[in-house]
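[1] sequence first, then the predicted structure:
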Amino acid sequence: MPMLTVSETALKALRELGLTEYETAAYLALVQGGQMAASDVSQKSQVPYSRIYDVLGRLEEKGFIQIQRGRPTMYVAKAPVEVVKLVRLSWEERIERSSRIVVDELQPLYERETKVTARDVFVIHGRAAILAKAIAMIESAREEIKLSLPSLDMGVEELDAIIEKILDVHASHVYILTSKVDESLVPLIPERYEVRTRDRVFGAGLVCDTRETLIMLTATGQAQFLGVYSNHVVFASMGGAYFDSLWTDSVPLR
């Protein structure tokens, strides 16, 4: 039976999911061949027989295959859709655990140090870094969030993340100013949030607790994103005043 033919893109994707070259070959052999003994997997995948048991053992640990004990022991590939879900769940759990440790142990050190050496203003490069900062600000806000966005919709993956945080915050007062709100999103917005629209909203800005300010900028027609962050009360006061001036000239969503 010929080896399973897959694209280089698929091979690369399997490696990005955590498989070595031998593990990839063995898993692909089982995907095509179904239930097989170790010797058959070795022959079909061209993984040396001296290595095949270690390779199959690691595949089981990673959740890619099942082992059916018996004489002989048989190996079966799990469905790719199941494998991908298992890998995603494993990564999410690992990231959540690691993130919690990093924040719990390092954030107090960072805050203690920045009381002495804090920069009032700094620039953030790239959409992902800007959105990460925005989400951190939203999560830490306790009193007030003022957010302006060109549009409030569910069309962009990164925007989905920040919208999700907006809908689940601890701040007592949340004000959202935008030019467009996706109809499917309206029922999800908590009643206590105040949302207003106006014809045009330029750029995106965020002011939290009259303490932190983030302005998000992008060059027209270019995929370059720049964020300007400040933890100085003067910038927050100015940003809040500008937001309020736009807010008074806008229409309540409901």
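    In hand now; what should we look at? Residues are numbered from 1 along each chain as shown.

[2] all helices of the chain, in order?
    8-16, 21-33, 38-45, 49-61, 80-117, 127-140, 157-166, 233-247 (DSSP state H).

[3] just name the most buried of those helices.
    Mean neighbours per residue, mean count of other Cβ atoms under 10 Å, is largest over the helices of the chain for helix 21-33, with a mean of 22. Yep, even glycine has a C-beta here, placed from its N, CA and C like the rest.

[4] put the alpha carbons of it into PDB.
    Extracted in PDB, the C-alpha atoms of helix 21-33 (Å, rounded to 0.1, in the frame of the first residue of the first chain):
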ATOM      1  CA  GLU A  21       9.500  13.900  11.900                       C
ATOM      2  CA  TYR A  22       9.200  10.200  13.000                       C
ATOM      3  CA  GLU A  23       6.000  10.900  14.900                       C
ATOM      4  CA  THR A  24       4.500  12.600  11.900                       C
ATOM      5  CA  ALA A  25       5.400   9.600   9.600                       C
ATOM      6  CA  ALA A  26       4.000   7.100  12.100                       C
ATOM      7  CA  TYR A  27       0.700   9.000  12.600                       C
ATOM      8  CA  LEU A  28       0.200   9.400   8.800                       C
ATOM      9  CA  ALA A  29       0.900   5.700   8.300                       C
ATOM     10  CA  LEU A  30      -1.900   4.900  10.900                       C
ATOM     11  CA  VAL A  31      -4.300   7.400   9.400                       C
ATOM     12  CA  GLN A  32      -4.000   5.600   6.000                       C
ATOM     13  CA  GLY A  33      -3.500   2.100   7.200                       C
END
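
[5] got the contact list for it?
    Residues from elsewhere that reach helix 21-33 (Cβ atoms under 8 Å, 6 or more residues apart in numbering): 1, 3-4, 6, 11, 14-15, 19, 36, 40-41, 44-47, 51-52, 55-56, 58-59, 62, 64-65, 75-77, 80.

[6] point out where this protein drops to low pLDDT.
    1-4, 110-119, 152-168, 219-223 (pLDDT under 70).

[7] domains of it?
    The record's domain parsing of the chain by automatic domain parsing lists 8-78, 83-118, 120-252.

[8] what's the spacing between the second one and its chain's center?
    Read that as domain 83-118. Here domain 83-118 is found 13 Å from its chain centre; the criterion is Cα atoms, centre = their mean, to the nearest Å.

[9] equivalent analysis for the longest one, please.
    Relative to the chain's own centre, domain 120-252 is displaced by 18 Å; criterion: Cα atoms, centre = their mean.

[10] ditto for stretch 71-83
    Distance, centroid of stretch 71-83 to centroid of chain: 30 Å (Cα atoms, centre = their mean).

[11] begin at 20, not 1, for the rest of this chat.
    Got it, the first residue is 20 from now on, which makes the last one we talked about stretch 90-102.

[12] start and end of it, how far apart?
    This stretch, stretch 90-102, spans 26 Å end to end (Cα to Cα, to the nearest Å).

[13] cool, and stretch 83-95?
    First residue to last in stretch 83-95 (Cα to Cα) measures 9 Å.

[14] neighbouring contacts of that stretch?
    Outside stretch 83-95, the residues that touch it by Cβ under 8 Å, 6+ apart are 38, 42, 46, 49, 53-57, 60, 75, 78-79, 96-97, 102.
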